[in-house]
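K.L.:
After the sequence you'll find the predicted model.
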Amino acid sequence: MPTNDALRDYLKTRRSVGTGFLHEPGPNAAELDELLTIATRVPDHTKIVPWRLVLFEGAARERVGDLLAAIASQRNPALDAASLEIERRGFMPAPLIVGVIFSPRPSPKAPELEQLLSAGNVCFNLVNAAFALGFAASWVTRWYAFDPEAQQMLGARAGERFVGFVHIGSTDVKPEDRPRPLLESVVTRWNG
Ligand SMILES: Cc1cc2nc3c(=O)[nH]c(=O)nc-3n(C[C@H](O)[C@H](O)[C@H](O)COP(=O)(O)O)c2cc1C
């Protein structure tokens, strides 16, 4: 196999861009199709596709923000106006948010953990696909990935849960790198 220098450079330097730094334009229809095609090309033991995607675009992002703020204020009636506004803007300002739902299937061969890992791969592949197409992205969960009522409102069915919301858009920033683990702190060699 020849080396793939562009891929290597990307992998050695890639960084997520925080959700607050993403703006219009987002992917057009053809770019979105390509982005989702790349993102869903992930390892998946026995090809059971234990995940699905929900797109949040345009005015849906504001409607979802209103509903999230309503649930947040039920959970904590003491929330002040500024905190509620943060909830209302939870799916802003990125033009596209892709919710990744883990949808486990009964399988004699692929334990649930493997299926969950496959769903996590879709999240990270969405980030990588976004950068491949010239956009920037960030994978977040936030409280609503852990709140059953919010998850249902966002599109999860019984037995399913969100494993990520990948915010995608254009950006003007290039974040500095963050500290990465030293290899010697995370790698050992098995000696029996
Ligand atoms: C499963 C998962 C959930 C995350 N949820 C959040 C979150 O809710 N809020 C947040 O600020 N960052 C969250 N992050 C971290 C972001 O992805 C952050 O952008 C990441 O640490 C940047 O790493 P990178 O520059 O190596 O891509 C989460 C990361 C993962 C893997």
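P.N.:
Nice, thanks for sending it over.
K.L.:
ok, for Ser73, nearest residue in space, not its chain neighbours?
P.N.:
Leaving aside its sequence neighbours, Ser73 sits nearest to Leu79 (Cβ to Cβ, 6 or more residues apart in numbering; 5.3 Å). The C-beta positions use only the backbone N, C-alpha and C, and glycine is treated the same way.
K.L.:
Settle this for me: the one you found is touching Leu68, isn't it.
P.N.:
No. Look at Leu79 against Leu68 with Cβ atoms under 8 Å: they stay out of range, at 11.5 Å.
K.L.:
what residues are shared contacts of these two?
P.N.:
Counting by Cβ atoms under 8 Å, 6 or more residues apart in numbering, the contacts common to Leu79 and Leu68 are Glu87.
K.L.:
And the ligand, is the helix with the most length in the chain touching that?
P.N.:
Ranked by residue count and defined by DSSP state H, the top helix of the chain is helix 112-132. No. Judged by Cβ under 6 Å from any ligand atom, helix 112-132 stays clear of the ligand, getting no closer than 6.7 Å.
K.L.:
Give me the more crowded residue out of Leu79 and Leu68.
P.N.:
Leu68 (24 against 16; other Cβ atoms under 10 Å).
K.L.:
how far out from the middle of the chain is the helix or strand harbouring the more buried one?
P.N.:
Here Leu68 sits within helix 60-75, counting by DSSP states H and E. In terms of Cα atoms, centre = their mean, to the nearest Å, the centre of helix 60-75 is found 19 Å from the chain centre.
K.L.:
How about stretch 25-39?
P.N.:
Taking Cα atoms, centre = their mean, one finds the center of stretch 25-39 at 15 Å from the center of the full chain.
K.L.:
Please point out which parts of it sit buried.
P.N.:
For stretch 25-39, the neighbour count (16 or more other Cβ atoms under 10 Å) marks Gly26, Pro27, Glu31, Leu32, Leu35, Leu36, Ile38, Ala39 as buried.
K.L.:
partners of the lengthiest strand in the chain in the sheet?
P.N.:
Among the segments of the chain that qualify as a strand by DSSP state E, the longest is strand 161-169. Within its sheet, and counting by DSSP bridges, strand 161-169 is paired with strand 96-102 (antiparallel), strand 136-140 (antiparallel).
K.L.:
Quick one: work out the angle between it and helix 112-132.
P.N.:
Counting by axes from the mean of the first three to the mean of the last three Cα atoms, to 10 degrees, strand 161-169 lies at 10 degrees to helix 112-132.
K.L.:
any idea of the mean pLDDT in the helix or strand that strand 161-169 is followed by?
P.N.:
Moving toward the C-terminus from strand 161-169, the first helix or strand encountered (DSSP H and E) is helix 183-186. The average pLDDT for helix 183-186 rounds to 98.
K.L.:
Could I have the CA atoms of helix 183-186 written out in CSV?
P.N.:
In CSV, the C-alpha atoms belonging to helix 183-186 read as follows (Å, rounded to 0.1, in the frame of the first residue of the first chain):
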residue,chain,number,x,y,z
LEU,A,183,2.6,7.2,24.7
GLU,A,184,4.6,5.8,27.6
SER,A,185,1.7,6.5,29.9
VAL,A,186,-0.8,4.6,27.8
